[in-house]
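**Q** sharing a model prediction with you, sequence too.
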Amino acid sequence: MKTAIFCRVSSKEQEDTGYSLPAQEKFLRDYAEKQGLEVAKVFAISESAAGKTQRKVFIEMVAYVRKHDIPTIIVETTDRLTRNFADVPMIDLWITENETHQVHLAKEGCILHNTSRSHEWFMWRVKVATAEYYVRLLSENVKKGQKEKIAQGWLPTKPPNGYKTIGETGHKIHVIDEDTAPFVRKMFELYLTGNYSTKRLSKKMYAEGMRSQLGHKLPHSRIHSLLREPFYIGKIKWNDELFEGKHQPLITVEQFNKVQAMLTSRTTPKYRKHNFLFRGLIKCAGCHNSITFEIAKGQYIYGHCNHYHECPQTTWVKEDEVESQLISGFENLRIKNARITDWLRKALKESHKDEVEYHNDTMGELNTRYEAVQKRMDRLYDDKLDEKITPEFYNRKFKQYSEEKDEITGSIKKHANASTGFLNLGMSIYELSQRAKEIYLEAKSKDMIDEQRSLIRFVFGSLTVDEGKLSYTYSKTFKLLSEAVIETNGPKVEKIDDLENGKFELTKNPDDSTQKDALLPLRPIWLPREDSNL
């Protein structure tokens, strides 16, 4: 007579300390041999398996003995076979539908069959109930431990990519993993460029070196989940609730919020197979719709208006012709006078003094606001302990104050970063403007189309095509610089000794129409203003 064997390690500790599935299987095989039974198949469940997986194996076992007319199931004890009443009817039905069907509880010395006495059926159900109670008690204890961990500000499970777990059992915390965190930061930065869908970002991050714990490429669904993970800004999401975490944030709240807006935006770009250089960057001068680029004649890329609206423009223009016109826009940012370049550097350094004063005033105001909010939260907590307010009122106001505190903290960090980076930013923009053409052509030579597109977006505010001719305006960051370049590269500037006083000397006596513009000082262009981009 054939039999099926069902094994289960009842706890992770048993599995780790040697009471393994193979040991249990050997015990049951020996039992089967003594009973004169031939083992047809062994079904085994490890406690580390998920609940759904455990139940799936159990159902597979019942289906197997039915399909192959196997009359006997051997299991060590009741709680090894099942731990919930949902499985009891399945076993009961299988036993009672055929007089030859038996369940051998090897260690309990009991064989359950259709004609078993009433007290044996009663004990079977009592043992199932006991096993189920034990499982539920464990679950409750686990949940209590999880709540306590969250109350302490720590995630009670494994952290997402970019973090690692340190510490002893019961005192484990999550810290930034310096090996994997750069990939997460890069992932957010790339998505913020607007050049990537989650599917394309998955491929890009795999090429960059980002891997799953098993060394595989992260699917785009996982990339989407990580982009929505509030853990990266110091929050813990648990059962659809957000809690304050004590771990170090990996990205800024501002970055995270921008990504969330892009993920939910109805106007998020639809990504196609071909990643054309000017896709979505150029408008039609006739109707202001986007110029569409496509491959024509099997090899050339052309741009044209789709005429979604009435439009007089009919010309199809080659991509490389548009690109050659664009490159002149990079070249037009270069300052040709070396002495003016030196003066410009001095002007940037002097303008930094004004920025420092503004920064100090702003930081003082923000710190005052932060302290005021913290005091309100402290009083709120005291009122809750003294039962002066209801839990509902406490929760509502605590959420309000927490959001205000997060906003102020974000502003403080932003201003702190701006303070340390202001001078470098001004100089970096200047250096970029002088090497924009060189950087663009270098990216092109290496087929780095995403970098080319990013540079175009950064330098130019708008691009339009009218019957094959490209027109452009510079972005706010480079507009003031372009105006300064026009002045300094012009033939009117002969001496720059008086630039520190805001004067130019002219080669000729100008007429009234040109004198005003020719004598404008350049330095105010570089002084920081409320809407300055430096």
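**A** Received, thanks. Residues are numbered from 1 along each chain as shown.
**Q** break the chain into its domains for me.
**A** Using automatic domain parsing, the domain ranges for the chain come out as 2-148, 163-264, 338-526.
**Q** for L277, which of the ones you listed is the nearest?
**A** domain 338-526 (5.9 Å; Cβ to Cβ). All C-beta spots, glycine's among them, are computed from the backbone N, C-alpha and C.
**Q** which of the domains of the chain sits closest to A296?
**A** Closest among the domains of the chain, using Cβ to Cβ: domain 338-526, at 14.6 Å.
**Q** TSV for the domains of the chain, including mean pLDDT?
**A** Listed next are those as TSV, based on pLDDT from 0 to 100:
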stretch	mean pLDDT
domain 2-148	81
domain 163-264	91
domain 338-526	70
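**Q** TSV for those, including mean neighbour count?
**A** What follows is the domains of the chain, written out as TSV (neighbours: other Cβ atoms under 10 Å):
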stretch	mean neighbour count
domain 2-148	15
domain 163-264	15
domain 338-526	15
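**Q** make CSV from the ones you listed and add distance to H288 to it.
**A** Below are the domains of the chain laid out as CSV (distance: least, Cβ to Cβ, whole Å):
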stretch, distance to H288
domain 2-148, 54
domain 163-264, 20
domain 338-526, 8
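**Q** which residue, other than its chain neighbours, is closest to the spatially most central residue of the chain?
**A** Centroid check for the chain by Cα atoms, centre = their mean gives L227 as the closest residue, at 2.3 Å. Counting by Cβ to Cβ, 6 or more residues apart in numbering, V259 is the residue found nearest to L227 once chain neighbours are left out, at 5.4 Å.
**Q** give the next helix or strand downstream of the helix or strand harbouring that neighbour.
**A** Per DSSP states H and E, V259 falls inside helix 253-264. Remark: after helix 253-264, the chain's next helix or strand is strand 283-284, criterion DSSP H and E.
**Q** contacting residues around the residue nearest to the centre of the chain?
**A** With contact set as Cβ atoms under 8 Å, 6 or more residues apart in numbering, L227 has these partners: 187-188, 191, 198, 259, 263.
**Q** for the stretch 151-300 of the chain, which segments count as strands?
**A** 163-166, 173-176, 235-238, 241-244, 283-284, 292-296, 300-304 (DSSP state E, counting those that start in this stretch).
**Q** and the fourth one, what other elements does it pack with?
**A** Helices and strands touching strand 241-244, as assessed by 3 or more Cβ pairs under 8 Å, 6 or more residues apart in numbering; DSSP states H and E, comprise strand 235-238.
**Q** for F27, give me its contacts.
**A** Contacts for F27 (Cβ under 8 Å, 6+ apart) come out as 76, 106.
**Q** actually R185, not the one I wrote
**A** Residues near R185 by Cβ under 8 Å, 6+ apart: 162, 250-251.
**Q** mind doing that once more with 7 Å?
**A** 250-251 (Cβ atoms under 7 Å, 6 or more residues apart in numbering).
**Q** same question, E244
**A** 153, 235.
**Q** same question for the one 5 residues further on.
**A** The neighbourhood of P249, defined by Cβ under 7 Å, 6+ apart, consists of 232-234.
**Q** Y300: which of those residues is nearest?
**A** Once Cβ to Cβ is applied, the member of these that ends up nearest Y300 is Y232, at 43.6 Å.
**Q** so that closest one sits against I251, correct?
**A** Yes - assessed by Cβ atoms under 7 Å, Y232 is found in contact with I251 at 5.1 Å.
**Q** helix, strand, or coil at I486?
**A** helix (DSSP: H, G, I helix; E, B strand; the rest coil).
**Q** would you confirm that L28 belongs to a strand?
**A** No - counting by three-state DSSP, L28 is not part of a strand but helix.
**Q** list the beta-bridge partners for the closest residue in space to it that isn't next to it in sequence.
**A** Spatial nearest neighbour of L28, excluding adjacent residues (Cβ to Cβ, 6+ apart): I5 at 4.8 Å. Counting by DSSP bridges, I5 is bridged to V42, I74.
**Q** show me the contacts for I5.
**A** 25, 28-29, 32, 39, 42-43, 74.
**Q** pretty sure the residue nearest to L227 is touching L190, no?
**A** No - because the distance of 10.6 Å does not satisfy Cβ under 7 Å, V259 is recorded as not touching L190.
**Q** quick revisit: which among the strands of the stretch 151-300 of the chain is found nearest to N395?
**A** strand 241-244 (10.7 Å).
**Q** pairing partners for the closest one, with directions?
**A** When DSSP bridges is applied, strand 241-244 pairs with strand 235-238 (antiparallel).
**Q** work out the gap between the strand it pairs with and the centre of the chain.
**A** Its chain's C-alpha centre and that of strand 235-238 lie 14 Å apart, by Cα atoms, centre = their mean, to the nearest Å.
**Q** also stretch 204-224?
**A** 12 Å.
**Q** element containing the closest residue to M377 other than its chain neighbours, please.
**A** Spatial nearest neighbour of M377, excluding adjacent residues (Cβ to Cβ, 6+ apart): Y401 at 4.9 Å. Using DSSP H and E, the element containing Y401 is helix 391-445.
**Q** between helix 253-264 and that helix, find me the angle.
**A** 80 degrees (axes from the mean of the first three to the mean of the last three Cα atoms, to 10 degrees).
**Q** this completes my enquiry, with thanks.
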